[in-house]
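Asker: sequence first, then the predicted structure:
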Amino acid sequence: MNLLKTSPNADRKSITTLTEHIVEIISDSGEGAQRCGQSLGSIAARMGNGIWTTEIIPAEIRPPARSVAGASGNRIRIGSGYITNGGDETDLVVAFNEQVLLGRVRARELKPGCIIFLENMWRKHTDLNISMAYIEAHDRLVAAGYKVIEFPMEQECKLLNADPKRGKNMFALGMLCYLYSFDLQMARDQIALTFGKKEQAVIDANVKLLEAGHQWGEAHLDFCFSVPATPTSQSQIVVNGNTALALGVMASGMDLCSMYPITPATSASHYLSDVFEKVGGIVHQAEDEIAACAFAIGASYASKCTVTITSGPGYSLKQEAIGLAVMAEIPLVVVNVQRGGPSTGQPTKVEQGDLMCAIFGSHGDAPKVVMAAATIEDCFYAVITARKIAEAFNMVVVILTDASLSSSQQPFTRPRFNASWLAPPFDQSPIPEGARAYNWDASTGLARRFVPGQPGGMHTVTGLAHDRDSHVAYDPDINQEGLRARSLKLAALQKTLTPPEVFGEASGDLLVVGWGSTKGAIEEAVASLRSEGRKVSSIHLRFLQPMQPGIKEIMQRFGKVMTIETNWSDKPDEEIIDESNRRYSSLAVLLRSRCLIDVDCWSEVRGQPVKPSTIRRVLLAKLDA
Amino acid sequence: MSCSTTDCLLELYDEQHELEDYQSGVPRWCTGCGDNAILAAVQRLCRDEGLRPEKTVFVSGIGCSSRFPHYMKTYGFHGIHGRALPIAEGIKMVRPDLAVFVNTGDGDCCSIGAAHWIHAVRYNMNLTVFLHDNQIYGLTKKQASPTSPIGTKSNTTPRGSYLDALNPLSVTLGVANASFVAQAVDWIPESLFEIVKAAYHHRGLSFVRILQRCPEWLSKSFDPWMQDTDRIQLLHHENALRLSAGLSKTYRNQREHDPLDMNRAREIASSEDVIPVGILYQNREIPRYEETRQTGVLRTIETVRQGFEAELDKYTV
């Protein structure tokens, strides 16, 4: 394929129609590749395309310029249909320098032969080391079969008297809009929305850069793509998982979010801090994770259910306080945006390592509800559901999301506000004489709670074992009774759940079970194998504690069952690993113990979302084993 | 926040409460334990101030003194070790209409919960905090606490504790936004009550360190001060506490101290030979966090709907 026109303004040679394409924009931190990528995703979504955007984040805030580990940007998978995950390797990349590009090449994130638009200002850089590095990298990439197009972003932006440091990203966006045959007016609208808070001059300057990039593409590129869209009639929103969480907090009618800064959870609280007060809500940044949880518990105790949002290390610190909320039966929603662990682990990377501590965490028997969001849309609705469960059952509800969901964007149907999502005002009616603080129902363990301000309801809640009057219990029978009641509530909730839907046929050779952010990738792999006649199906669990009913019955209709997870499991082919010592992935352990079925597992902890092609390979191997 | 509307409830009748209305159960503290004196003073305060039991919450952590809420016939929250303050802050944040008290011990506040203590002072929420300081861990049976005098023999320091005691008054006075710092002793009921009352009336975080005897583990620790009344120094000022004739007669060591004078307050706090009793510092002008954070937005279904839809508009493609 001839990539650049031999003479500018010669006729467009070819439009290649694609069903999907993965494009990424990478730069040093602070050069705006993130914004360029997010905007491209939103424009594609406006066109009616399916998208999934994934942030590419360096571990450091400001890594040195032009460093291999410093790539910052965004990867956008654009498709004709609905896109459920980030997909496999990249088809096309716009790189602001060759070093960040080399990082992506070494991470094997680029498809062989991938098209590369490479900022060419470095070729003539006055620092000979830089220009030599550029030329060497360029030549090696060409030799390796990549289709490298030297892209004069700096040069062109300078013609517009713009600060190229700040303007390149919009120039690149314009070029990409040309390349993917996106409507330029939609791109202008998106810029107006993105910079909506700034003055008109800023918007105009960015639109000018966008148009210049588009013109450059038109004048110089000998090819372009079209990813035909299937627009939906329903209006869509494009947000990442953390924004969806924050919108969920707002829509659930909670009044307070108490938090402590931690990656990758904090952006949810950033957004809430900006908007929550407009609806009378408050974000409290506490002095530490424990205080954040205790503050939320205090607020929940005295009024409506509240939320605390954190990630792994913070979740560990909150454990004792979570146990208190369980013991005192105070509703509380805890969000754990999982990252790589243990300890500080990989703060910006994805992992599903916290399932066990979410279910079994806190000492003693501390039954709590554990849900996992599987999509960006789930991140929104999960909060509303969690708030309702927390208040209906006076329980702690943990929502697990992860670093992938937190920063990925995917369009979903714009939620229609429903007044029933909101928490009702807290009860201030008098308590009838003789009513008891924990009047546990004999069959469900449920009890009405009394909130300060209710005359006649005065009692002291305590983390100590207590009786129905919340008096400290020394009697063995009373302790037994309290533990029973708190445990039964999980069963009571479980009775209201429905079995998971099977993706694919209801029976077959292999059933894949997943949870959390892997849903899209698993289903894509399953669909691909099914299209080849393989008898594989999947289920995806949104409730991990209690588990939905009917799971065992579904599993029994398949020859083999395995989980796909992004947490640790020992590989059975290791020299010293055998059935007596193999450590299974978390969900596999839970399913094996609950269902007494020989559930296998496959997992990886590479800190990256698992790719559909990887899952496909694993499933094929399992099917053929 | 939304909840402040509960302040608007009309009281249709005057409520009269007796001491019994605030008493719950028989305290399980040891005979002679200073906690009993604090309980008596606080129950009297509730009665005298006509606090509505359902609108009053006592929050505590873990330790002997943290059993306090169980003996009050109000709402109570007996939480976990060291975390009484953040729990109380959460309550106050959403329910400024409630009177919120905190009972915490020297281990609870000055050791495991020390971070929360410092930040609670800085938030300056309208809470009344009683530090029951007996200079020893009681419930876990005699270990040195951060306020144990150096040389204190305990089960973890059988040859005497190694470190100088932490001074809770000096620490509190060193934190930004400290607005009310006082000291009382359990064995002078009249001044204890007056200090507790002043603390309750202060708008902001009132921090009262109450020196409290532990007859079980450190029975003689305050004997030198109890035996020599001159070693108790009563603080008084026209803008703070005034001394009754009876009190003046018994305790001759008196000092006029303007509670707005921070430098002098810090000097008094570090007295070693005498125990200062009274208000060391009070500044009514320091903003309260829960008021600073008031959004002024009345939460209704309609406000939430409008705010939510406006946000969705930003992301709609």
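Answerer: Received, thanks.
Asker: residue B:187 contacts residue B:212, doesn't it?
Answerer: No - Residue B:187 is not in contact with residue B:212 according to CB atoms under 8 Å; the separation is 9.0 Å. In short, each C-beta sits where N, CA and C put it, glycine included.
Asker: ok, the two, which is more surrounded?
Answerer: residue B:212 (29 against 16; other CB atoms under 10 Å in any protein chain shown).
Asker: list the contacts of the spatially closest residue to the more buried one that is not a sequence neighbour.
Answerer: Counting by CB to CB, 6 or more residues apart in numbering or on different chains, residue B:212 lies nearest to residue B:34, which is 3.0 Å off, once chain neighbours are set aside. Counting by CB atoms under 8 Å, 6 or more residues apart in numbering or on different chains, residue B:34 makes contact with B:132, B:134, B:186, B:187, B:210, B:211, B:212, B:213, B:214.
Asker: do residue B:309 as well
Answerer: So residue B:309 contacts residue A:417 (CB under 8 Å, 6+ apart).
Asker: pLDDT score for it?
Answerer: For residue B:309, the model assigns a pLDDT of 97.
Asker: next, the contact list for residue A:215, please.
Answerer: For residue A:215, the contacting residues are residue A:174, by CB under 8 Å, 6+ apart.
Asker: now name the helix or strand holding it.
Answerer: helix A:200-220 (DSSP states H and E).
Asker: how about residue B:309?
Answerer: Using DSSP H and E, residue B:309 sits in helix B:301-315.
Asker: so how far is the helix or strand containing residue B:208 from its chain's centroid?
Answerer: Assigned by DSSP H and E, residue B:208 falls within strand B:206-211. What separates the centre of strand B:206-211 from the centre of its chain is 5 Å, taken as CA atoms, centre = their mean, to the nearest Å.
Asker: which residues does the helix or strand that comes right after it contact?
Answerer: As assigned by DSSP H and E, the chain's next helix or strand after strand B:206-211 is helix B:223-227. By CB under 8 Å, 6+ apart, the surrounding residues in contact with helix B:223-227 are B:185, B:187, B:231, B:232, B:274, B:275.
Asker: how far off centre is helix B:223-227?
Answerer: With CA atoms, centre = their mean, you get 24 Å for helix B:223-227.
Asker: mean confidence score for that helix?
Answerer: The model assigns helix B:223-227 a mean pLDDT of 95.
Asker: how about that helix as CSV, C-alpha atoms only?
Answerer: Taking Å, rounded to 0.1, in the frame of the first residue of the first chain, the C-alpha atoms of helix B:223-227 are listed here in CSV:
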residue,chain,number,x,y,z
ASP,B,223,-2.0,11.1,95.6
PRO,B,224,0.6,13.9,95.8
TRP,B,225,-1.9,16.3,94.1
MET,B,226,-4.8,15.1,96.1
GLN,B,227,-2.9,15.5,99.4
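Asker: quick one: buried residues of that helix?
Answerer: B:225, B:226 (16 or more other CB atoms under 10 Å in any protein chain shown).
Asker: likewise for stretch A:427-435?
Answerer: A:428, A:431.
Asker: near chain B at all, that stretch?
Answerer: Yes - under the criterion of CB under 8 Å from any CB of the partner chain, chain B is reached by stretch A:427-435 at residue A:428.
Asker: now do the end-to-end distance for that stretch.
Answerer: Distance across stretch A:427-435, first residue to last, is 15 Å (CA to CA, to the nearest Å).
Asker: what's it in contact with?
Answerer: With contacts defined as CB under 8 Å, 6+ apart, stretch A:427-435 is touched by A:448, A:450, A:451, A:453, A:454, A:455, A:456, A:457, B:6.
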